[in-house]
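Colleague: show me the folded form of this:
(chains A and B)
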Amino acid sequence: MRTVFKTSYDADINLFRHRAQAGWYALLALLAVLLPWLVNVFWLGEATNMLIWAIAGMGLMVLVGQTGQASLGHAAFLAVGCYANVLYQQKLGLPFILSFPLGGLTAALAGVLVAIPTARLHGLYLAIATLAISILVDDLIVLSAPLTNGVQGLYAPPISIFGLTIDRYGNPYLFYWVVLVVAVLVVLLYRNILRTPLGRAFAAVRDSEVSAKAMGVNVAKAKAVSFGISAGITGLAGALMGHFAGIFNNETFNLLISIQLLLMIVIGGLGSIHGAFFGAIIVAILPQAIALARDAVTGALGVSSIAIPGLETAIFGAILIVFILFEPAGIYGRWVKIRTYFELFPFYRRDMFRRQRSYLRTERMR
Amino acid sequence: MDVLQLVVSGLANGCVYGLIALGFVLIYKATEAVNFAQGDFMMLGAFVCLGLTNAQFLGLPFWLAAPLAILIMGAFGYGLEVVVIRRMFGQPQVAVVILTIALGFVLRFVAGLIWGNQPVSLESPIAGRDVRFGGVVLGLDEVMVISVTVLLTVLLYFYFNRTRLGVAMQAASQNQLAAYYMGIPVKRLNSLVWALSGMVAAVAGILFASKGSIEPSIGLLGIKAFAAAVIGGFGSLPGALLGGIIIGLIEPFSARYIAAGYSQVMAYLLLFLILVFRPHGILAQIHSKKV
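Modeller: Alright, predicted model coming up:
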């Protein structure tokens, strides 16, 4: 294990703990940039999809992992970001480079608007309120058909930046790089928010609202800001999702997407950027893995390919159940344990990451 | 006449929502966990009864199959608590929510695998008959749904307030550790509550199946029932029923009197408004946390 000598106060909040860590991330970044030359077009598309999900996951992670507010309605903000981005381009004629951040901003505003009335809610009740919002937005898109074209949906035009036309099918590697740049920017934003007083306020609200209040944190404001940032990042992901899918309607952003997003970051590991990426990898890889496994099974048995409806969500659910039961800290939590094992070898103890048992006391009074 | 018809069908629907909501509230009241798979429990109960009753499967008489299905669902709830939920002891509430959402996915898939994804109807003696009250003709299924629901709510209310076991469950929910010190077998109680909730879900499922055809995706009705539980005030048994009835009544009336498209939004709009202005429901039981 590497011991870091802290010679300045900045050492506590540096982006990287030491040089070697920075080196590994630089290698990862290099690999990500060079990916179009390493894999074929199909897997590049999957990687793009994964990155978009990771951005959305980071958006939700700010709210759930950092501020501790559960949301079952983040597909609503995906939808707002996606529709706003395309509508700014179509109705106002804005270029992508303007409409994209504006779409994110619109989603952030929507998030703050949602947060203001729901600021008093917490835990379960917030989850329900956001669930209602997800359903309401779904219906709202259908109702405002003149603008959103209802169930027929909208068509996302190819992205055009400085005269360069970027189309998912025409030149997938350019689209991949655009998504990669956005993902890296979001990661930097996320990391930097955590280093500010605001990020500390989020953590305080997550760990205990009562003590956060006692420490002078404006809980309602912290929640609203967290909601706004979270919705904004999710909105950016939504805009990219729209360009990735090409055609989208209200069904693209239904309640199941909200739930899948939440389940994804739980599998990945709550409270870490890595978790959002690990979860996104699972979400992006799973359908392909199931398809491959099905082909292998049907090929081995010599029967014609059979489609089982709901298999994908069921396997996803089963994976999640296993994780919640045996590794509540998610994939990232398991990775930290494995890493610590090797760093401390042979001094790792099984109880090092043991959670403290807490007994339950109700908030209901009679 | 029209209005009366709407009221009765709304009440009947609302009672099914209310029954599912009762299942939510039972578990919440006793263990402070929220079972998001309650709608899928209801679906499973309906399918178990269907599997026992319909000639295509086992072909038992309905009046034997229905109690049997209720018992099976009770055992299922008990087993689920012992095998899965108990491991969540002492973990945050949201973890259980996520676990049960995932469980719902799996249950829906399994039900689809066993009984198919096509709508099927239960061969029940209640379905399709009429009863007359004075000059009013009502469906026997609707009358049955309403009366069974009211009966069950009253029974559960007395169970929680008057019997030793019910009071012990309440004690365990208020402070697990203290209840444990008082000699209450908290773990077994939790299992029993899940069993009870599975049984209530089975009743809801059988009643729902008598009203029309069922398919695995009816488990998603649980979301509406959840809205009902929140509107009524989570943790209150009469509140769950009240919320269910409110949602059940809003649906047919808004479908009739408000433009199409807006009507399906009304239930969730009401939920949202209730959450904003009266966050803990009509019959509130939660107060702000004291340190």
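Colleague: for A:Ala276, see how far away the residue nearest the centre of chain A is.
Modeller: Of all residues in chain A, the one closest to the mean position by CA atoms, centre = their mean is A:Gly57, 0.6 Å from it. According to CB to CB, to the nearest Å, A:Gly57 stands 3 Å off from A:Ala276. (Each C-beta comes from the backbone N, C-alpha and C, glycine too.)
Colleague: A:Ala291 now?
Modeller: Taken as CB to CB, the span from A:Ala291 to A:Ala276 is 24 Å.
Colleague: so between the two, which is more surrounded?
Modeller: Taking other CB atoms under 10 Å in any protein chain shown, A:Ala291 and A:Ala276 do not tie; A:Ala276 has more neighbours (31 against 12).
Colleague: quick check, B:Val131 in a strand?
Modeller: Yes: assessed by DSSP: H, G, I helix; E, B strand; the rest coil, B:Val131 belongs to a strand.
Colleague: count of neighbours near it?
Modeller: Neighbour count for B:Val131, taken as other CB under 10 Å: 13.
Colleague: can you pull up the bridge partners for it?
Modeller: B:Leu138 (DSSP bridges).
Colleague: what do A:Gly57 and A:Ala276 both touch?
Modeller: Shared contacts of A:Gly57 and A:Ala276 (CB atoms under 8 Å, 6 or more residues apart in numbering or on different chains): A:Met264, A:Ile265, A:Gly268.
Colleague: ranking these by neighbours, who comes first?
Modeller: Using other CB under 10 Å as the neighbour criterion, A:Ile265 leads those with 31 neighbours.
Colleague: which residues touch it?
Modeller: When contacts are counted by CB under 8 Å, 6+ apart, A:Ile265 touches A:Gly57, A:Leu60, A:Met61, A:Val64, A:Gly65, A:Gly275, A:Ala276, A:Gly279, A:Gly330.
Colleague: using PDB, list the CA coordinates for the host helix or strand of it.
Modeller: Using DSSP states H and E, A:Ile265 maps to helix A:255-268. The C-alpha trace of helix A:255-268 is given here as PDB (Å, rounded to 0.1, in the frame of the first residue of the first chain):
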ATOM      1  CA  LEU A 255     -41.100   4.700 -15.700                       C
ATOM      2  CA  LEU A 256     -39.100   1.500 -16.300                       C
ATOM      3  CA  ILE A 257     -36.200   3.600 -17.500                       C
ATOM      4  CA  SER A 258     -36.300   5.500 -14.300                       C
ATOM      5  CA  ILE A 259     -36.300   2.400 -12.300                       C
ATOM      6  CA  GLN A 260     -33.500   0.800 -14.400                       C
ATOM      7  CA  LEU A 261     -31.400   3.900 -13.900                       C
ATOM      8  CA  LEU A 262     -31.700   3.700 -10.100                       C
ATOM      9  CA  LEU A 263     -31.100  -0.100 -10.100                       C
ATOM     10  CA  MET A 264     -28.100   0.500 -12.300                       C
ATOM     11  CA  ILE A 265     -26.300   2.800  -9.900                       C
ATOM     12  CA  VAL A 266     -27.100   0.500  -7.000                       C
ATOM     13  CA  ILE A 267     -25.500  -2.400  -8.800                       C
ATOM     14  CA  GLY A 268     -22.500  -0.200  -9.700                       C
END
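Colleague: and that helix, how far out from the chain's middle?
Modeller: How far helix A:255-268 lies from its chain's middle: 9 Å, per CA atoms, centre = their mean, to the nearest Å.
Colleague: immediately after that helix, which helix or strand?
Modeller: Past helix A:255-268, further along toward the C-terminus, the next helix or strand under DSSP H and E is helix A:273-301.
Colleague: now that next one: buried residues?
Modeller: A:Ile273, A:His274, A:Gly275, A:Ala276, A:Phe277, A:Phe278, A:Gly279, A:Ala280, A:Ile281, A:Ile282, A:Val283, A:Ala284 (16 or more other CB atoms under 10 Å in any protein chain shown).
Colleague: try stretch B:102-116
Modeller: B:Ala102, B:Leu103, B:Gly104, B:Phe105, B:Val106, B:Leu107, B:Arg108, B:Phe109, B:Val110, B:Ala111, B:Gly112, B:Trp115.
Colleague: does the first one touch A:Ala314 like I think?
Modeller: No: applying CB atoms under 8 Å as the test, B:Ala102 and A:Ala314 come out as separate, 9.3 Å apart.
Colleague: quick one: name the residues of the stretch 51-200 of chain B near chain A.
Modeller: Within the stretch 51-200 of chain B, the positions adjacent to chain A are B:84, B:87-91, B:93-95, B:97-99, B:101-106, B:108-110, B:112-113, B:117, B:170, B:173-177, B:180 by CB under 8 Å from any CB of the partner chain.
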